[in-house]
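Return atomic coordinates for the entry below.
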Amino acid sequence: MSQAMLQQASNYAKKALKLDQARRYKEAITNYLNAATVLQKLIGLEQSKDMRNLYYRKAREYLARATELKEIAKKPVSVDSEADKSEDEIEAAIEETIVGEKPNVAWDDVAGLVAAKSALREAIILPMVRPDLFKGARKPWKGIMLFGPPGCGKTLIAKAVATECDATFFNVSAAAIISKWLGESEKLVRELFEAAKEKMPSLVFIDEVDSIATERAAGEHDALRRVKTQLMQAMDGVTSKAEDRIVVLGATNIPWEIDAAFRRRFEKRIYVPLPDLEARQAIFKIHTKGVEHAPEVNFEELAMLSEGYSGADIALICREAIMMPVRELDAAGALTDTSVQVRHVAKGDFTLAMEKIRPSVSSGELLRFDEWFAEFGAD
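Numbering: from 1, shown residues only. Here you go, the predicted structure:
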């Protein structure tokens, strides 16, 4: 398959060169773009680093020449090729990021995190509810970053914010932004923020933002660098007006890998820590809702026993515990007998589940979060 694609790219390139020499520029551009498109596909399939670099260099050459010919032709180019699909694909990708209906997550569904909720309410909800109060020097925050251990509610609290405020919620992943086509990723970012501008007020949530906002390095892929630049410009409001109500909310588990320029643009950097005692108790209640449990089950006691667990860890404990009575029923061969009732979940089910499921965050990792917050936190 790779050899066939390589031959296809070569044929496009040869044809482009002949058309270029014949000054048939519009047709030459089409073939240069097709050659670059096929080479970009090969980059994703090729195992050899040297060959990937070779394909990348050739693709850049073809794109550069196509750009030059566009200037020479001084006419809009209609490309009847795979590249012609890019605009429709970008529009479709943007539509996929928009959450049509508000996430059904209320503040009460997010246990604890009082400080984070307060900061987010001030930064996002108040300016969107009362934009008339935020004029002149009183400007709303444009960029907010939630950081902390995995499984502590960063994504959940973002959904709660979207529910609370009357805003269009764009749920973006790095995979939606980083396109495999050269030059398309920048357009994708640009179109994303144009769509957010059209549907204001808008909340652009970028989960795992570290995957796109890492520190820039000397050997970094040129296409990725351009995407970062485009995203930073959009966050800075370079291409928008001061009154535009667009907030970028990022979430990350590794804030120390965020580039300094991105860190500066996330004006609010809010620590989402492990749940405290009260929050853990609430999480146990949330994740056992609708399931009968024995009177001996004490959620406050379970909360004390689960110190060091994340919210996601506790959710797993609850799932494991409430399945134990069902497993017993199945082992006894009575699962299909609807006259046999499943027993209530007992305290021992939870303690046994805790023995099976250990905390997913180490004390060393927590210390690193505390140190980073002490140095760069801005909540």
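
low-confidence ranges in the stretch 51-200 of the chain?
With pLDDT under 70 as the threshold, the stretch 51-200 of the chain has low-confidence stretches at 74-103, 166, 174-184.

so what's residue 9 up against?
If you count contacts by C-beta atoms under 8 Å, 6 or more residues apart in numbering, residue 9 has them with 35, 38-39, 42, 58. (Each C-beta comes from the backbone N, C-alpha and C, glycine too.)

Out of those, flag the one nearest to residue 235.
For residue 235, the closest of those turns out to be residue 39, at 31.4 Å, with distances computed as C-beta to C-beta.

my read: that closest one touches residue 57, true?
No. Distance between residue 39 and residue 57: 9.4 Å, which falls outside the contact criterion (C-beta atoms under 8 Å).

More neighbours: these two, which one.
For residue 39 and residue 57, the more surrounded residue by other C-beta atoms under 10 Å is residue 39, and the numbers stand at 29 against 11.

out of everything not next to it in sequence, what's closest to the more buried one?
If the residues on either side of it in the chain are set aside, residue 39 comes closest to residue 59, at 4.1 Å by C-beta to C-beta, 6 or more residues apart in numbering.

try residue 234
Distances taken as C-beta to C-beta, 6+ apart put residue 193 closest to residue 234, at 4.4 Å, once the chain neighbours are dropped.

repeat for residue 213
Closest residue to residue 213 apart from its sequence neighbours, by C-beta to C-beta, 6+ apart: residue 262 at 4.0 Å.

In three-state terms, label that neighbour for me.
At residue 262, secondary structure determined by DSSP: H, G, I helix; E, B strand; the rest coil is helix.

Now do it, the pLDDT please.
Residue 262 is assigned 88 on the pLDDT scale.

The one 5 residues further on too?
Looking at residue 267, its pLDDT stands at 87.

from memory it sits against residue 124, does it?
No. At 11.9 Å, residue 267 and residue 124 do not qualify as touching, with contact defined as C-beta under 8 Å.

The two - which one has more neighbours?
Set residue 267 next to residue 124 and count neighbours by other C-beta under 10 Å: residue 124 wins out with 25 against 16.

need the contact list for that one.
Under the criterion of C-beta under 8 Å, 6+ apart, the contact partners of residue 124 comprise 140-141, 144, 161, 165, 203, 247, 249.

Most neighbours among those residues, please name it.
Neighbour counts for the contacts of residue 124 peak at residue 249, which has 29 neighbours (criterion: other C-beta under 10 Å).
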